[in-house]
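Colleague: Have a look at this fold, sequence not included:
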């Protein structure tokens, strides 16, 4: 059997990331998978402990480079999320993908056989690519220059309270908004899509059926949430 895997919302570098709980699972999945989708918000540049974007991007490149080089058999696909869609990181991804044949990146989504992957911030942004870009632009300045904002942020996340409680929608609403975007931007026509994977909401679930598609969410490696490394079977034989 051939397998793929996907994760999202590690929010690395932020104070509310809990990567240590999942590090071994991620490495194991990378050893076993032929393709590994990093489905957005892998890094959190706005709330990074590194402060300025340059230091955060350097650390992000180090993380991705280490992953790609440790598992050369695995093809990594990096999708942007609203917390890591910053221009310096995009430029670094361009360079990294040029130097590593087993790594590529995507602004909005990617398709692997009958499965589509997107971060899911269209749920809050709107159902067009331009709406998503506008939504993401709000997070393209680090918060280190706003001490009161950072203090409030740490007060919430230091308490280990789920930090996206305001994003908790019924699954049918999530699926409906995602489908609205995918249909509007012609991601579904003629592709034979059966499964849709997304993140953003930090709500882990699998196999939610809605309007002919199965929806899956990896959850989040942040305080108060839980993350699943979601595996999927690839068609064909090794």
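Modeller: That came in fine, so what should we check first? Predicted, not measured: the structure shown is a model, and the values here were computed from it. Numbers count the residues shown, from 1 in each chain.

Colleague: From residue 137, how far out is the residue nearest the centre of the chain?
Modeller: Closest residue to the average C-alpha location of the chain: residue 40 at 1.9 Å, with CA atoms, centre = their mean. Here the criterion is CB to CB, to the nearest Å. By it, residue 40 lies 16 Å from residue 137. Just so you know, the C-beta spots here come from the backbone N, C-alpha and C atoms, and that holds for glycine as well.

Colleague: Next, the closest residue to residue 207 other than its chain neighbours: secondary structure please.
Modeller: What sits nearest to residue 207 in space, not counting adjacent residues and going by CB to CB, 6 or more residues apart in numbering, is residue 214, at 5.4 Å. Per DSSP: H, G, I helix; E, B strand; the rest coil, the secondary structure class of residue 214 is strand.

Colleague: Give the other helices and strands that the longest helix along the chain contacts.
Modeller: Counting residues, the longest helix found in the chain (DSSP state H) is helix 53-70. Secondary-structure packing of helix 53-70 (3 or more CB pairs under 8 Å, 6 or more residues apart in numbering; DSSP states H and E): helix 23-32, strand 75-79, helix 87-99.

Colleague: what's in contact with it?
Modeller: 12-13, 27, 30, 42-43, 45, 48, 50, 74, 76, 78, 84, 86, 88-89, 92-93, 96, 100, 102-103, 142 (CB atoms under 8 Å, 6 or more residues apart in numbering).

Colleague: chain center to that helix, what's the gap?
Modeller: Counting by CA atoms, centre = their mean, to the nearest Å, helix 53-70 is centred 15 Å from the centre of its parent chain.

Colleague: and what of stretch 222-235?
Modeller: On CA atoms, centre = their mean, the centre of stretch 222-235 falls 11 Å from that of its chain.

Colleague: Stretch 91-100 now?
Modeller: For stretch 91-100, the distance to the chain centre is 18 Å (CA atoms, centre = their mean).

Colleague: Same check on stretch 213-233?
Modeller: Distance, centroid of stretch 213-233 to centroid of chain: 10 Å (CA atoms, centre = their mean).

Colleague: quick one: pLDDT of residue 237?
Modeller: With respect to pLDDT, residue 237 scores 55.

Colleague: Show me which residues of stretch 57-77 are buried.
Modeller: If you call a residue buried by 16 or more other CB atoms under 10 Å, then stretch 57-77 has these buried ones: 57, 59-60, 63-64, 67-68, 71, 74-77.

Colleague: what ranges do the helices span in this protein?
Modeller: With DSSP H as the criterion, the chain has helices spanning 23-32, 53-70, 87-99, 122-125, 129-137, 147-157, 171-184.

Colleague: Can you give me the neighbour number for residue 225?
Modeller: Using other CB atoms under 10 Å, residue 225 has 20 neighbouring residues.

Colleague: Spatially, what comes nearest to it if we skip its sequence neighbours?
Modeller: residue 202 (4.5 Å).

Colleague: Surely that neighbour touches residue 221?
Modeller: No: contact criterion CB atoms under 8 Å: residue 202 and residue 221 do not qualify, at 9.3 Å.

Colleague: Compare these two and say which is more crowded by neighbours.
Modeller: Comparing residue 202 with residue 221 by other CB under 10 Å, the one with more neighbours is residue 221, at 29 against 25.

Colleague: Next, the contact list for the more buried one, please.
Modeller: With CB under 8 Å, 6+ apart, residue 221 has these contacts: 7, 9-11, 17-19, 21-22, 227.

Colleague: how about 7 Å then?
Modeller: 9-10, 17-19, 21-22, 227 (CB atoms under 7 Å, 6 or more residues apart in numbering).

Colleague: if we can go back for a sec, the residue nearest to the centre of the chain and residue 81 touch, don't they?
Modeller: Yes: counting by CB atoms under 7 Å, residue 40 does reach residue 81; the two are 2.7 Å apart.
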